[in-house]
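A.B. asks: Sequence plus predicted model, see below.
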Amino acid sequence: MAHEKEERSATAGRRASETQEDQQRRGAGNLGRSAARESTHAGNGGLGTPSSRPRRLELYLIGQRAAPPAQPFADLEQSMDAIADYLTQQEHGEIVKRIKLRSAHSFAADDSVNEVLVVRLEEGRAERLRAAAPPHLIIERDSPLQHADYLGSPARGTMMGALALNLLPLRSTAAELTVRVLGERDQPLAKATVIVEGASGLPAQALTDDAGLAHISFFGGPIESIQMLFVRAAANHWDRQLVAPALGSGVNTVRLRSLSDSFANFPGERLLGWGQRLMRIDPAARRLTGAGVRIGLIDSGCDNSHPLLRHVTRGTDLTEGSEGGWTHDPIAHGTHCAGILNAASTAQGIIGCAPEAELHVLKVLPGGRTSDLLAALDECIERQLDIVNISAVSEGYSELVTQKLREALQKGIACIAAAGNSSGPVGFPALVPGVMAVAAVGKLREFPADSSHIYSIIPQLIGADGIFAARFSGAGPQIAVSAPGVAVVSTVPGGGYAAADGTSAAAAHVSGFAALMLGHHPVFSESVFRNKSEQRVQALFELIRASAVSHFGDPQRGGAGVPDAQRVPGAQELAMGLPGQSAAERGSAAPLHWAAAAAARSWPSFVQMRAAGLI
């Protein structure tokens, strides 16, 4: 009996002396055993059984699910180190990178729960692991990010659909086409994009050389079969789209209109964009600049060598293998949005909606994934920004990103996202509750009739004032507001300007508008909403919605409408100073009854707005 007692005591001692690392490995082993059981139930002979067919490798994110402090998960001591070891040794996965999230879960004792793994795994293994994962573990695809790239040809249909209807064999010979692109005063335009498309739906494209010549090999048939020619200059000109162009085997010349043909003396004199006029934003005339507000721009970078963006000095590049860092913008998308937000107040070019706000650039495009968006949002929280403008759209839903967006909201950061250029449902992350989703609108007679912008018009959705819903814009019940997103002139890399379409341009307008509210509306400086909080974000969003004007009556495409600075409740002084504005117009700011009804959905926000004297 004494011997048995000593043996039991020794066993207990060995158990007590087990290291935390051993326990963590045992936890990862439990995940493996669960996955093996799941695999056996599926009838595949176990995870270790080699497949006779090659398996597709995909990138996945593995992270911890947040739990309420009062109900922490029992398995949180399972470290990401142990999970990484299991994935590499037992699942033949490759750890691509490890993302350290600096904003911590307050309930966790171990900082490792703030880490997310990016792992390359066989698709089947990942699915079985996901089915067997414990409740605190998130396993999801690291989906590619997309952007509203205005450099491409406007969509005239689905290419795959065209191919399905026109199953043509690839021709062994190509039709050789030469296009010369000329601009203002017949000067040849280098680096202009030229795209042609035939009946098969197969496009061909090229860039012009220093002589303005583009040489295109077209495999869709003879030159006479080309149905569309699209030309866009790198800067300072309207694009041009020709249907059924008369093209020949010689040099085909296309002339582009200069932006100065439409806007007198531009860019020598400052242009106040049609979008800013519609939203009645004029930072120079009304001295509303957004000073003191910090904005994050999650996009493709920003060329701060542009004369109007030299004050933009804060940024980070979160993409892999990118050349030039965050100041290198190879697709011009981020630079265009940066100009809408923050272009400096000068006598030339354009002016941003909030020219004196502090802009932080977070580069996740091109080539970025959900993991980069997650890291960018974490960076925004770490920098304690006020507003985050999200121009990236993910192909799939991400619980980890949704969790991070919720954390940003709780910490008083207003996230404003482009609805996406899908012509379909609202994209992720704009569809996440707590994020303000923005759709795009355009205005008639603000662009040439032979430009690509004409294809954005939905004839059935044109308001009496010429404002129309943009065909390309994402739509759905998640749309909060809409904003100018067709033929918006803004900055592009190299010091020039371009007119672009996209819900990203629309979101940038709303983000700039929000910065003016935070920087100048008295409720954010003289009330309970002075300090950052979730209720402060809710109050900001309700004020923006309450100021909106519906132009074509479709809330699925326009939300509450386009924000109007002269209709912001409780801030008539914001409407003062606009040239030509009458006293009656200054006193016509909308009452907050609409906002009160909406705010009632969130009782704390409603009570605080009443206490602040807004309702």
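C.D. replies: Arrived safely.

A.B. asks: mind listing the helices for the stretch 51-200 of the chain?
C.D. replies: Under the criterion DSSP state H, counting those that start in this stretch, the stretch 51-200 of the chain contains helices at 80-90, 123-132, 159-165.

A.B. asks: for the ones you listed, which one sits closest to residue 533?
C.D. replies: helix 80-90 (31.0 Å; C-beta to C-beta). Just so you know, the C-beta spots here come from the backbone N, C-alpha and C atoms, and that holds for glycine as well.

A.B. asks: Could the C-alpha coordinates of that closest one be exported in PDB?
C.D. replies: Extracted in PDB, the C-alpha atoms of helix 80-90 (Å, rounded to 0.1, in the frame of the first residue of the first chain):
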ATOM      1  CA  MET A  80      -0.500  30.000 -31.600                       C
ATOM      2  CA  ASP A  81       3.000  28.600 -31.300                       C
ATOM      3  CA  ALA A  82       1.500  25.200 -30.500                       C
ATOM      4  CA  ILE A  83      -1.000  25.500 -33.300                       C
ATOM      5  CA  ALA A  84       1.700  26.600 -35.800                       C
ATOM      6  CA  ASP A  85       3.800  23.500 -34.800                       C
ATOM      7  CA  TYR A  86       0.900  21.200 -35.400                       C
ATOM      8  CA  LEU A  87       0.000  22.700 -38.700                       C
ATOM      9  CA  THR A  88       3.500  22.400 -40.100                       C
ATOM     10  CA  GLN A  89       4.400  19.000 -38.700                       C
ATOM     11  CA  GLN A  90       1.100  17.200 -38.900                       C
END
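
A.B. asks: That helix: which residues count as buried?
C.D. replies: Burial within helix 80-90, assessed by neighbour count using 16 or more other C-beta atoms under 10 Å, is assigned to 80, 81, 82, 83, 84, 85, 86, 87, 90.

A.B. asks: what's the answer for stretch 118-125, then?
C.D. replies: 118, 119, 120, 121, 122, 124, 125.

A.B. asks: and for it, what are the contacting residues?
C.D. replies: 44, 47, 51, 55-62, 84, 87, 91-99, 129, 142, 369, 371 (C-beta atoms under 8 Å, 6 or more residues apart in numbering).

A.B. asks: quick one: pLDDT of residue 36?
C.D. replies: Looking at residue 36, its pLDDT reads 49.

A.B. asks: Quick one: residues contacting the residue lying closest to residue 187 once chain neighbours are set aside.
C.D. replies: Excluding the flanking residues, the one nearest residue 187 by C-beta to C-beta, 6 or more residues apart in numbering is residue 212, at 7.9 Å. The contact partners of residue 212, taken as C-beta under 8 Å, 6+ apart, are 180, 181, 182, 187, 188, 189, 190, 192.

A.B. asks: Can you say which of the residues you listed are buried?
C.D. replies: Buried members of the contacts of residue 212, scored by 16+ other C-beta under 10 Å, are 180, 181, 182, 189, 190, 192.

A.B. asks: Which of these fall within strands?
C.D. replies: Cross-referencing the buried ones among the contacts of residue 212 against strands under DSSP state E gives 180, 181, 182.

A.B. asks: so what's the first one up against?
C.D. replies: Okay, so that is residue 180. Counting by C-beta under 8 Å, 6+ apart, residue 180 makes contact with 188, 208, 211, 212, 213, 214, 251, 252, 253, 254.

A.B. asks: Make JSON lines from the residues you listed and add distance to residue 563 and pLDDT to it.
C.D. replies: Below are these laid out as JSON lines (distance: C-beta to C-beta, whole Å; pLDDT from 0 to 100):
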{"residue": "188", "distance to residue 563": "42", "pLDDT": "97"}
{"residue": "208", "distance to residue 563": "39", "pLDDT": "97"}
{"residue": "211", "distance to residue 563": "46", "pLDDT": "97"}
{"residue": "212", "distance to residue 563": "41", "pLDDT": "97"}
{"residue": "213", "distance to residue 563": "45", "pLDDT": "98"}
{"residue": "214", "distance to residue 563": "41", "pLDDT": "97"}
{"residue": "251", "distance to residue 563": "48", "pLDDT": "96"}
{"residue": "252", "distance to residue 563": "44", "pLDDT": "97"}
{"residue": "253", "distance to residue 563": "43", "pLDDT": "97"}
{"residue": "254", "distance to residue 563": "38", "pLDDT": "97"}
